[in-house]
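1. coords please:
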Amino acid sequence: MKCSIIIRAFNEEKHIGKLLDGIARQESQHTIEIILVDSGSTDNTVQIAESRGAQVIKIRPEEFSFGRALNLGCQYASGDILLFASAHVYPVYTNWIDRMLAPLEDSKVALTYGRQIGNHLSKFSEQQLFAKWFPDVSNSNQSIPFCNNANTAIRRSLWEQMTYDESLTGLEDLHWAGAIQQQGYKIAYQADAVIVHVHEETPRKIYNRYYREAIAFKRLKPHATFNSWHFVYLAVTNILSDYSAAMQTGAFLANVFDIPMFRVLQFWGTYQGYRFVGTLDRTLRQRFYYPNEFFRREKVEHAVQPLMKQIAYE
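-> Below is the predicted model of the structure:
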């Protein structure tokens with residue numbers, strides 16, 4: 001099979017080289033193509049990608065949405081399989097691509113997604129989320145339409161039938177997964193297709209991420225509710241759960257302030273996102289997707305495979 005790896009990027013010079021190095025070190029039986037969709041980077045992201053052989057597609061910042069960028073990359077792709085990777089992830093093993101694509105040998109599997117873990121830069125609470133959302137046990141026929149486009153592969157033939165919703169402020173991956181599952185296709189989770197997902201988010205970015213995802217979720221599920229009681233209950237219980245996990249791993253003192261900061265912003269952003277009424281104008285686009293200075297300048301089936309060759313990054 002031919003696999004097109006599609007990467008969305010904006011000012012990712014710190015991370016993009018490591019992802020491209022990880023792709024270059026893949027020992028894959030498949031033909032690989034790399035497409036980077038850049039939404040107006042002002043650093044060296046584009047130059048780094050081009051020097052590593054990636055095809056760069058540019059999208060104007062004011063046109064950006066997660067679905068729009070993905071659809072644009074898919075249009076230029078020539079692979080049978082479309083593999084989406086965040087620009088700030090990197091594969092852990094040399095068989096990442098082959099493990100991601102393995103479930104697609106079953107013609108009824110439409111989508112496969114892999115495990116995500118954090119690194120030393122990740123917030124403790126986010127690592128708890130990764131462990132919950134991406135367990136170390138695979139599932140070849142997941143019952144719920146959960147996935148994450150930071151590490152997901154789909155069939156191009158199905159994308160041609162149903163593109164990503166470009167109007168959503170996030171969760172375009174869940175929307176597509178739910179729709180394709182309703183058509184009778186399977187969603188597979190591959191625990192041994194592992195990437196490290198690096199989030200170096202400021203408090204404002206944490207809040208914004210959950211705010212825009214809540215807006216998207218409310219649009220997908222109009223009858224869903226998230227009131228002040230949910231905010232208080234979920235924030236408190238998750239803080240206590242994280243504190244307990246941190247104490248068990250000897251990480252309590254190092255994270256004693258970060259844990260409540262992350263959890264409060266996570267659920268406060270969610271609460272405010274549910275209360276949002278209106279349309280996504282330019283101001284909100286700027287808030288969700290870009291730092292302010294940008295616009296000023298621009299105007300349970302398988303155990304994890306034990307025999308994996310880990311990539312040694314410099």
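
2. the helices in the stretch 51-200 of the chain, which residues?
-> For the stretch 51-200 of the chain, the helices defined by DSSP state H, counting those that start in this stretch cover 66-76, 96-101, 124-133, 156-161, 172-182.

3. Just tell me which of those ends up closest to G17.
-> Nearest of the helices of the stretch 51-200 of the chain to G17, taken as Cβ to Cβ: helix 96-101 at 16.7 Å. Every residue, glycine included, has its C-beta placed from N, CA and C.

4. Remind me what the closest one packs against, helices and strands.
-> strand 2-9, strand 81-86, strand 109-117, strand 151-155, strand 186-197 (3 or more Cβ pairs under 8 Å, 6 or more residues apart in numbering; DSSP states H and E).

5. tell me the angle the helix or strand that the last one is followed by makes with helix 172-182.
-> Secondary structure here is assigned by DSSP states H and E; on that basis, the next helix or strand after strand 186-197 toward the C-terminus is helix 203-220. With axes from the mean of the first three to the mean of the last three Cα atoms, to 10 degrees defining the directions, helix 203-220 sits at 30 degrees from helix 172-182.

6. buried stuff in helix 203-220?
-> Of the residues in helix 203-220, 206-219 count as buried by neighbour count, 16 or more other Cβ atoms under 10 Å.

7. In CSV: those, plus pLDDT.
-> As requested, the buried residues of helix 203-220 are arranged in CSV below (pLDDT from 0 to 100):
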residue, pLDDT
I206, 92
Y207, 92
N208, 90
R209, 87
Y210, 90
Y211, 90
R212, 86
E213, 86
A214, 88
I215, 88
A216, 84
F217, 87
K218, 85
R219, 84
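
8. Which of those residues sits closest to A54?
-> Distance to A54, by Cβ to Cβ, is smallest for R209 among the buried residues of helix 203-220, at 25.7 Å.

9. you'd agree the closest one is up against E201?
-> Yes. Using Cβ atoms under 8 Å, R209 is in contact with E201, at 7.1 Å.

10. Quick check: the residue lying farthest from the centre of the chain vs A246, distance?
-> What lies farthest from the middle of the chain is L253; by Cα atoms, centre = their mean that is 29.1 Å. Using Cβ to Cβ, to the nearest Å, we find L253 at a distance of 9 Å from A246.

11. Output the helices and strands packed on helix 96-101 in a markdown table, with mean pLDDT and mean neighbour count appended to each entry.
-> Below are the helices and strands packed on helix 96-101 laid out as a markdown table (pLDDT from 0 to 100; neighbours: other Cβ atoms under 10 Å):
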| stretch | mean pLDDT | mean neighbour count |
| --- | --- | --- |
| strand 2-9 | 96 | 24 |
| strand 81-86 | 97 | 24 |
| strand 109-117 | 97 | 24 |
| strand 151-155 | 97 | 25 |
| strand 186-197 | 96 | 23 |
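
12. mind checking which of the ones you listed is nearest V92?
-> Closest to V92 of the helices and strands packed on helix 96-101 is strand 186-197 (Cβ to Cβ; 4.3 Å).

13. So which elements touch that closest one?
-> When contacts are defined as 3+ Cβ pairs under 8 Å, 6+ apart, strand 186-197 sits against strand 89-91, helix 96-101, strand 109-117, strand 151-155, helix 172-182.

14. got any ranges where the protein has weak pLDDT?
-> Applying pLDDT under 70 to the chain flags residues 278-307, 314.

15. for it, longest helix please?
-> helix 228-248 (DSSP state H).

16. Which of the residues in that one are classified as buried?
-> 231, 234-235, 238-239, 242-243, 245-246.

17. Can you lay out those as TSV showing distance to Q127?
-> Converted to TSV, the buried residues of helix 228-248 look like this (distance: Cβ to Cβ, whole Å):
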residue	distance to Q127
F231	22
L234	18
A235	18
N238	13
I239	15
D242	9
Y243	14
A245	9
A246	10
